[in-house]
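Colleague: need coordinates for the below:
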Amino acid sequence: MTTIETARLTLRRWREDDVAPMAAVNADPEVMRFIRDGATRDEERTRADIGAWERHWETHGFGLFAVEVRATGELAGFTGLAVPEYLPEMLPAVEVGWRLGRRAWGRGLATEAARAALRFGFRDRGLAEVVSVIQFGNTASERVAAKLGLRPHRTLTSPDSGRTLRIHSLGRAAYDATDTADGTNTANAATTANAADTAG
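Modeller: Reported below is the predicted structural model:
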């Protein structure tokens, strides 16, 4: 089982006792505001999602990690890598994503978690490119993407929600140019270090 530790977080595979806290994250309308059509998700749907995320790991060798706060053991949400099957015109592609509950906002945790997931994708899984799909208006996630070195390069319309999406991308060469030995990424560090991280 793949487990990654950062300064404040543990990224790990999913367990049965993650269903309830992840369902609480998914039940918050503010967290879900920019996810697909903005609908919240109950415990039953969350359980099904976690099952699908685990199957994705078995199929592709990468997937979405449960993100746990090391100091408390609290499940903050998820980050990781996924094939965006919901956007057929993007395929083949691998997306980096994150969704954290509001208790985890404003502390840079989304960036810390997603940075570790990116490094896993490029260094451990040898990916050539990673994209991020962000709805227009989600400025918090736009800031996280910028900190990670992802750059906007096209827009799409979501086939299921009709919402406008901005696609960001980061290639292996650009990642290699900014990745450091300690796993941090120096892209945009000077201009974004003090930006508030409130991505869900």
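Colleague: residues touching the nearest residue to Phe120 once chain neighbours are set aside, list them.
Modeller: Counting by Cβ to Cβ, 6 or more residues apart in numbering, Phe120 lies nearest to Ile4, which is 6.2 Å off, once chain neighbours are set aside. Yep, even glycine has a C-beta here, placed from its N, CA and C like the rest. Contact partners of Ile4, counting by Cβ atoms under 8 Å, 6 or more residues apart in numbering, are 10-12, 65, 116-117, 120.
Colleague: and after the lengthiest helix in the chain, which helix or strand comes next?
Modeller: Longest helix in the chain, counting residues (DSSP state H): helix 43-60. Remark: after helix 43-60, the chain's next helix or strand is strand 64-69, criterion DSSP states H and E.
Colleague: following element in sequence after that following strand, please.
Modeller: Following strand 64-69 toward the C-terminus (DSSP H and E): strand 75-82.
Colleague: tell me which other helices or strands that following strand touches.
Modeller: Applying 3 or more Cβ pairs under 8 Å, 6 or more residues apart in numbering; DSSP states H and E, we find strand 75-82 packed against strand 9-12, helix 19-26, helix 43-60, strand 64-69, strand 95-100, helix 109-119.
Colleague: how about TSV for these, with distance to Phe34 and mean neighbour count added?
Modeller: Listed next are those as TSV, based on distance: least, Cβ to Cβ, whole Å; neighbours: other Cβ atoms under 10 Å:
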stretch	distance to Phe34	mean neighbour count
strand 9-12	22	20
helix 19-26	13	19
helix 43-60	17	15
strand 64-69	17	24
strand 95-100	10	23
helix 109-119	13	24
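Colleague: among those, which comes closest to Leu170?
Modeller: helix 109-119 (7.3 Å; Cβ to Cβ).
Colleague: give me the contact list for the closest one.
Modeller: Outside helix 109-119, the residues that touch it by Cβ under 8 Å, 6+ apart are 4, 6-9, 11, 65, 67, 69, 76, 79-81, 96-98, 100, 104, 130, 140-141, 144, 147-148, 170, 175, 179, 183-185, 197, 199-200.
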